[in-house]
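Colleague: What shape does this take:
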Amino acid sequence: MVSAGRTAHSIEVTAEGLQEELARLQFQKQALERELAAVVAHLGSVQRALGALESALVTPAAAPQAEEQYGRLTEQIMAYFAQVGDAEVRAREVAAALGRDADSGSINAVRSTLDRLVAASRIQRAGRGLYRTKAS
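Modeller: As a prediction, the model looks like this:
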């Protein structure tokens, strides 16, 4: 009979331990659900803000800005050629002088503008990759 008493006591201790564990896990579950709800709410607000920013970037106002940038680059290049006189220069030199040599995209923008200025007869090509002011 002593053995049956110990077994019953052992079962009671185990049951009490499991009830305490159950209470702790339920509390933890509630805390995690609150945290998840906060994360979901924050995620929604970040997605809405990002959507608003993306739609602002795609507005029709972007086209006039591009035209202003093109016009400004053209005028900067023409001012540069006014300073260098009749010297022959490379596109990379022009880009460096204008502070637009940070990456190949910027240098290519200068190169494209130089080609448009050649086509418009505002400057001339002096040789492969070389440009100079239009001779008067």
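Colleague: CA only for contacts and neighbour counts going forward, please
Modeller: Will do.
Colleague: most centrally placed residue in the chain?
Modeller: Among the residues of the chain, residue 54 comes closest to the average C-alpha position under C-alpha atoms, centre = their mean, at 11.3 Å.
Colleague: quick one: that residue from residue 47, how far?
Modeller: For residue 54, the distance to residue 47 (C-alpha to C-alpha, to the nearest Å) stands at 10 Å.
Colleague: Give me the phi and psi for the residue lying closest to residue 121 once chain neighbours are set aside.
Modeller: Among residues not flanking residue 121 along the chain, residue 134 sits closest, at 7.2 Å (C-alpha to C-alpha, 6 or more residues apart in numbering). Main-chain torsions, residue 134, degrees, to the nearest 10: phi -70, psi 130.
Colleague: Kindly provide the distance from residue 134 to residue 77.
Modeller: 13 Å.
Colleague: again, but for residue 3
Modeller: 100 Å.
Colleague: quick one: which of these two has more around it?
Modeller: residue 77 (21 against 8; other C-alpha atoms under 10 Å).
Colleague: what sits against the more buried one?
Modeller: 94, 98, 114 (C-alpha atoms under 8 Å, 6 or more residues apart in numbering).
Colleague: Give me the phi and psi for it.
Modeller: Dihedral angles (degrees, to the nearest 10) for residue 77: phi -70, psi -40.
Colleague: repeat for residue 25
Modeller: phi -70, psi -40.
Colleague: try residue 120
Modeller: Per degrees, to the nearest 10, the backbone of residue 120 is at phi -90, psi 0.
Colleague: so where is the chain shaky, pLDDT-wise?
Modeller: Low-confidence segments of the chain (pLDDT under 70): 1-2, 55-71, 136.
Colleague: if you go through it in chain order, where are the helices?
Modeller: 2-57, 62-84, 91-97, 104-119 (DSSP state H).
Colleague: mind putting the ones you listed in TSV, distance to residue 126 included?
Modeller: Formatted as TSV, the helices of the chain follow (distance: least, C-alpha to C-alpha, whole Å):
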stretch	distance to residue 126
helix 2-57	40
helix 62-84	13
helix 91-97	12
helix 104-119	10
